[in-house]
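S.K.: Sequence and computational prediction follow.
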Amino acid sequence: MTTMDASTPTVALPVELPTTSAASPWRAALRQFLKSPSGVAGACLLILIIVGTLIGPMLHPVDPLDLVGAPFSPPDADAWLGTDYLGRDVLAGLIHGGRATLAVGAVAALITIAIGLVVGAFGGYFGGAIDAVLVKITEFFQILPPLLFAMVLVTLFGPKLSTITLSIGAVSWTSVARLTRAEFMRLRDLDFVKASRAAGASNAHLMLRVLLPNALPAVIVSATLAIGVAILFEGGLSFLGLGDPNVMSWGLMLGQNRNYILDAWWAVMFPGAAIFMAVLAISLVGDGINDAINPRLRRRS
Amino acid sequence: MALAAHLARQIVNAAALLLAVLVLNFCLIHLAPGDPVLVIAGEMGGASADVIAALRAKYGLDHSLTEQLAIYLRNVAAGDFGYSYYFNEPVLGLILQRLPATLYLALCALVSALAIGTLLGVVSARRPNGMFSHTVTVFSLAGYAAPIFWTGLMLLLLFGSVWPILPVVGMADVVHPKRGFAYVLDVAQHLVLPSLTLGLVFIAQYSRLARVNMIDALSADYVRTARAKGLPEWIVIGKHALRNTLIPIVTVAGHQFGNLFAGAVLVETVFSWPGMGRLVFDSILRRDYPTLMAVLFFSALMVMTANILTDIVYRLIDPRIRTGRR
């Protein structure tokens, strides 16, 4: 038997493979994405924001926690976007705060997706009792308003950037879990999955290598949007006084200056506008990705 | 009958989930860093040594954890959600006092968002590529991305200092208290900005949803039939197509009550609306855990209620379910 296997030619016919690799659906999706004007606009805006927070400190070397001038100085030549209630530079706050806010958004979204994928994949793949338990847990998390739940967690465990990130991730995974579960359930009985199971694939292989790649298109959009939601949550928590006071972030700027809005509108308007732009960019990108990888839904939007 | 049985099942399920929320609250108090008594008393509350000793006895903190849980659940069953040492009042009373104002704001925002959102979506669906439709799309994108607290602050700035035509603080004029109809009018005026702020994000979502569903409905066979019968256009849209457009919107709206409630908390702190928002804000500032825990419990209770109500409404407006479940 083994000798026959070895002698069987693995490449029988010289198949002409297309050089542009039509086999890569991701490249096709990218091409489709680039055709969507709003998606591209969102991506540009997002890149602009990220690059701004990365190279900003070089162009504008001011510590966001330093007192650089009189409190409530309106925007002028010294401080382009004015100073806040303590006399800190608002522009420096935007640049440095953007790093923290975007990092919280990205990491919290990763946590959200990780929990959601695991819960959804196990429930959808195994079904039965495991599924029943996981669905109940999901249902339980769904009746707790995410922002209020995160608020309780951060109050109890202290307003540190790590706690804030973990709390946001821990409360907002339910929709990813439901989506993943539905996809895994739909896929697990399809012929190609049965075929690989018959070929002896293990559960882990089936879940990770067979089902997951096929479930990803449905999940990836909500994953993108999760970043936007996490950024809004960071803002909301800081607004309620639960921002990390030692790390400048857009939410913290809003939360600390909100009471002085009539004295210094600039210290409130600019960080809020920054959050707005970032979330807008992310949802535009999300829409673009959705149109690119879920062509069935394209006509609907 | 089927509906009653279904409802009974739902209520049992809801009760179980609420019990789980209580267990979660209990676990959180014990997981939190520090002495649970101090957590219960509130770190910055004015609990004296006597009070702390009394609390230790009351919550049976020298007993095992399961016994403590039983004590906690028994207390809650008797309506005792703990005592707020900052407000110097039982928590239950604090919450019940402020709940109506929050519900009032949330429902106002919800109803106006449903009405405005559906209207915008339906009108823009008639010409999906027209100017109006594109404007609505841009608006709904912006409404989704704008942080609700920031929108509120910007409106506060606009109507508080630039263009003062609407009240921006509180629920009623306290300097010149009104009576009778003038009072109603006064409250309605105070309600405009908070409910607009809260409603904006939902208007954005519902208009998008209504637009998509209306476009689908307008190309459906039954609409063509209705038109072929010679029905006037407003009946075709208002009666036939709108009904199917509303079903997903009502479902989404009902299941978003948690977000609506959390949004109300944020908006209230902007406009000093005398509801749960201020209570939450102060409780966070004072680390008043019993109050926060009770807020979490009551918000879960309201989410459950909203879910069950949504389910009933859904069954009433969707004829497929109505006939299928005879």
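M.R.: That came through, no problem.

S.K.: which stretches of the stretch 1-150 of chain B form helices?
M.R.: Counting by DSSP state H, counting those that start in this stretch, the stretch 1-150 of chain B has helices at residues B:2-31, B:36-41, B:49-58, B:65-77, B:91-126, B:131-145, B:148-157.

S.K.: Please identify the deepest-packed of these.
M.R.: Greatest average neighbour count among these goes to helix B:148-157 (a mean of 24), per mean count of other C-beta atoms under 10 Å in any protein chain shown. No exception for glycine: its C-beta is placed from N, CA and C like everyone else's.

S.K.: Next one, pLDDT for A:Thr174 please.
M.R.: We have a pLDDT of 92 for A:Thr174.

S.K.: So it is in contact with A:Ile143, correct?
M.R.: No: at 9.9 Å, A:Thr174 and A:Ile143 do not qualify as touching, with contact defined as C-beta atoms under 8 Å.

S.K.: Tell me if stretch A:43-58 is near chain B.
M.R.: No: figure legend: stretch A:43-58 not in contact with chain B (C-beta under 8 Å from any C-beta of the partner chain); closest approach 10.9 Å.

S.K.: How many residues are close by the residue of the stretch 201-326 of chain B at minimum distance from chain A?
M.R.: Per C-beta to the nearest C-beta, B:Gly258 is where the stretch 201-326 of chain B lies closest to chain A, at 3.4 Å. Neighbour count of B:Gly258, defined by other C-beta atoms under 10 Å in any protein chain shown: 23.

S.K.: which residues touch the nearest residue to it once chain neighbours are set aside?
M.R.: Among residues not flanking B:Gly258 along the chain, A:Pro145 sits closest, at 3.4 Å (C-beta to C-beta, 6 or more residues apart in numbering or on different chains). A:Pro145 is in contact with B:Gly258, B:Asn259, B:Phe261, B:Ala262, B:Ser299, B:Ala300, B:Val303, counting by C-beta atoms under 8 Å, 6 or more residues apart in numbering or on different chains.

S.K.: how about those residues in TSV, adding secondary structure and pLDDT?
M.R.: Shown next, in TSV, are these (DSSP: H, G, I helix; E, B strand; the rest coil; pLDDT from 0 to 100):
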residue	secondary structure	pLDDT
B:Gly258	helix	87
B:Asn259	helix	89
B:Phe261	helix	90
B:Ala262	helix	90
B:Ser299	helix	91
B:Ala300	helix	92
B:Val303	helix	91
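
S.K.: Pull the most distant pair out of those residues.
M.R.: B:Asn259 and B:Ala300 (13.4 Å; C-beta to C-beta).

S.K.: Give me the more crowded residue out of these two.
M.R.: B:Ala300 (27 against 18).

S.K.: Could I get the contacting residues of the more buried one?
M.R.: By C-beta under 8 Å, 6+ apart, the neighbours of B:Ala300 are A:Ile143, A:Leu144, A:Pro145, B:Leu17, B:Leu18, B:Val21.

S.K.: Endpoint to endpoint, stretch B:141-150 covers what distance?
M.R.: 16 Å (C-alpha to C-alpha, to the nearest Å).

S.K.: Hmm, A:Phe157 is touching B:Pro33, no?
M.R.: Yes: taking C-beta under 8 Å as the definition, A:Phe157 is a contact partner of B:Pro33 at 7.0 Å.

S.K.: Show me which of the two is the more surrounded one.
M.R.: When A:Phe157 and B:Pro33 are compared for neighbours, A:Phe157 comes out ahead with 17 against 8, by other C-beta under 10 Å.

S.K.: Please report the distance of the more buried one from chain B.
M.R.: Distance of A:Phe157 to chain B, given as C-beta to the nearest C-beta, to the nearest Å: 7 Å.
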